[in-house]
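Q: need a structure here:
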Amino acid sequence: MTQGANDPWLRQRAWSLSCEELERRSRRWYDQVWRIFEAGKAVSVTQLSQSGLGVGAALAKDKRSERLACLEFALADVVDAFTAEEREQLHQHDALPPDFIDRVGRRAKAVDKQLRW
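A: Next comes the predicted model:
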């Protein structure tokens with residue numbers, strides 16, 4: 001039984017199979033540097049009351065969330081573009097194409113450019 005494109009089940013299954021790797025790819029080494037830099041930054045009492053503690057951590061988390069969102073949109077696009085054989089492999093055998101993560105990464109870059117334009 002071959003599922004059609006835009007199948008939410010296929011998207012969810014692809015996400016569950018690849019989420020660990022995609023979440024890892026959404027992290028950047030400089031997020032930690034940003035947190036440390038912002039944690040040591042002197043702030044006034046008014047800034048602290050407006051932004052709360054952990055300003056750097058919040059900014060780093062926001063950036064990571066943006067990257068992860070691009071990866072999620074890209075995953076949906078890649079899954080929707082699957083061939084009938086790729087959809088069948090995912091549906092029947094929980095198998096993603098070997099280049100799936102790379103395809104999602106390339107598409108995520110395009111999504112990011114579209115959002116920033």
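Q: Output the longest helix belonging to this protein.
A: Assignment by DSSP state H gives helix 55-80 as the longest helix of the chain.
Q: helices and strands around that one, which ones?
A: Counting contacts by 3 or more C-beta pairs under 8 Å, 6 or more residues apart in numbering; DSSP states H and E, helix 55-80 packs against helix 8-26, helix 29-39, helix 100-116. Every C-beta, even on glycine, is put in place using the N, C-alpha and C of the backbone.
Q: go again using 10 Å as the cut-off
A: Packing partners of helix 55-80 (3 or more C-beta pairs under 10 Å, 6 or more residues apart in numbering; DSSP states H and E): helix 8-26, helix 29-39, helix 45-51, helix 84-93, helix 100-116.
Q: Quick one: mean pLDDT for that helix?
A: Averaging pLDDT along helix 55-80 gives 82.
Q: Stretch 7-24 too?
A: Computed over stretch 7-24, the average pLDDT equals 93.
Q: List the buried residues for that stretch?
A: If you call a residue buried by 16 or more other C-beta atoms under 10 Å, then stretch 7-24 has these buried ones: 7, 10-11, 13-14, 18, 22.
Q: Closest one of these to residue 61?
A: residue 22 (16.3 Å; C-beta to C-beta).
Q: surely that closest one meets residue 78?
A: No - the pair residue 22 / residue 78 is not scored as a contact, 11.2 Å apart, by C-beta atoms under 10 Å.
Q: give me the number of residues near residue 101?
A: Around residue 101 there are 18 other residues, counting by other C-beta atoms under 10 Å.
Q: again, but for residue 109
A: 11.
Q: Could you double-check that it lies in contact with residue 103?
A: No - counting by C-beta under 10 Å, residue 109 does not reach residue 103; the two are 11.1 Å apart.
Q: between the two, what contacts are shared?
A: Counting by C-beta atoms under 10 Å, 6 or more residues apart in numbering, the shared contacts of residue 109 and residue 103 are residue 74.
Q: what residues are up against residue 23?
A: 64, 67-68, 71.
Q: Quick check: it vs residue 62, distance?
A: Going from residue 23 to residue 62 by C-beta to C-beta, to the nearest Å gives 16 Å.
Q: Residue 94 too?
A: 33 Å.
Q: same thing with residue 99?
A: 30 Å.
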